[in-house]
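Trainee: build the 3D model from these lines:
(2 chains)
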Amino acid sequence: DPKIIQKPKYLVAVTGSEKILICEQYLGHNAMYWYRQSAKKPLEFMFSYSYQKLMDNQTASSRFQPQSSKKNHLDLQITALKPDDSATYFCASSHRDRGYEQYFGPGTRLTVL
Amino acid sequence: DAKTTQPDSMESTEGETVHLPCSHATISGNEYIYWYRQVPLQGPEYVTHGLQQNTTNSMAFLAIASDRKSSTLILPHVSLRDAAVYHCILRGANYGNEKITFGAGTKLTIKP
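Mentor: Numbers count the residues shown, from 1 in each chain, chains lettered A, B, ... in the order given. From the prediction side, this is the model:
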């Protein structure tokens, strides 16, 4: 059974629209993260949450807003989508005191036309 | 965070033992060495980590030089499933900063 679920797997959106990427983890972790990977580039850290509180935000744009409705959920809302937002978005989780042992989900591949 | 240096690519054959080097000449005394790997179209996978002593688990053996300025991830009897990009990463000295900064890593190719 998958321990980290990301939905949808693939997503196509038009410029200017808004989308929500879903992430749920069933590992009992209390820290969750979002990363982004554009084509042929290294992963780029976006956000970290611990106990549903924002710990670190490395995203320059306010168009990216994480949302934590439950302790094992960390969704990512993206507004006013641009073609440059096209990337694979990975959710990860860890125990708060073992934050570098992160477990990654399968990713959501977003294409903005 | 201290910087790491890895070869861009390496190649091996199924069944062989692979040694993936990582140089971290400016590592601080309290920095851990972490290894992740990423298969195309999948999220990264935690492999192992260590501070000073060599470590081993079901995936790999991590050999850390006595001066800690370099380390080697050893993959015994590799298979095609071990083909991936391997990242050597140093954990930031500030506890609580759990941002992982991935570089280009070493692309490991396995031949049948």
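Trainee: what about B:H19, how many residues nearby?
Mentor: Counted by other CB atoms under 10 Å in any protein chain shown, the residues lying close to B:H19 total 13. From N, CA and C alone the C-beta is placed, and that goes for glycine too.
Trainee: quick check: bridge partners of B:T55?
Mentor: B:L62 (DSSP bridges).
Trainee: pull the helix or strand with minimum mean pLDDT from chain A.
Mentor: Across the helices and strands of chain A, the lowest-confidence element by mean pLDDT, DSSP states H and E is strand A:53-57, at a mean of 86.
Trainee: run me through the strand neighbours of whatever helix or strand B:S71 lives in, direction for each.
Mentor: Assigned by DSSP states H and E, B:S71 belongs to strand B:70-75. Next to strand B:70-75 in the sheet, as set by DSSP bridges, lie strand B:18-23 (antiparallel), strand B:61-64 (antiparallel).
Trainee: buried residues in the last one?
Mentor: Of the residues in strand B:61-64, those buried by neighbour count under the rule 16 or more other CB atoms under 10 Å in any protein chain shown are B:61-64.
Trainee: please name the bridge partners of A:S93.
Mentor: Beta-bridge partners, per DSSP bridges, of A:S93: A:M32, A:Y103.
Trainee: that one touches A:Y33, doesn't it?
Mentor: Yes: using CB atoms under 8 Å, A:S93 makes contact with A:Y33 at a distance of 7.0 Å.
Trainee: overlap of the contact sets of these two?
Mentor: Residues touching both A:S93 and A:Y33 by CB atoms under 8 Å, 6 or more residues apart in numbering or on different chains: A:Q102.
Trainee: who in chain B is up against chain A?
Mentor: With CB under 8 Å from any CB of the partner chain as the criterion, chain B meets chain A at residues B:32, B:34, B:38, B:41-46, B:49, B:89, B:91, B:96-105.
Trainee: and the buried ones among those residues, selectable in PyMOL?
Mentor: Here is the PyMOL selection string for the buried members of the residues of chain B next to chain A, based on 16+ other CB under 10 Å:
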select buried, chain B and resi 34+38+43+44+46+49+89+91+98+99+100+101+102+105
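Trainee: what's next to the helix or strand encompassing A:F90, contact-wise?
Mentor: Assigned by DSSP H and E, A:F90 belongs to strand A:87-94. By CB under 8 Å, 6+ apart, the list of residues contacting strand A:87-94 from outside reads A:4, A:6, A:21, A:23, A:25, A:27, A:29, A:31-39, A:43, A:74, A:76, A:100-105, A:107-110, B:41, B:43-44, B:98.
Trainee: so of those residues, which ones are in strands?
Mentor: Among the contacts of strand A:87-94, the members falling in strands (DSSP state E) are A:4, A:6, A:21, A:23, A:25, A:31-37, A:76, A:103-104, A:108-110.
Trainee: could you give the mean pLDDT of stretch B:101-112?
Mentor: Throughout stretch B:101-112, pLDDT has a mean value of 92.
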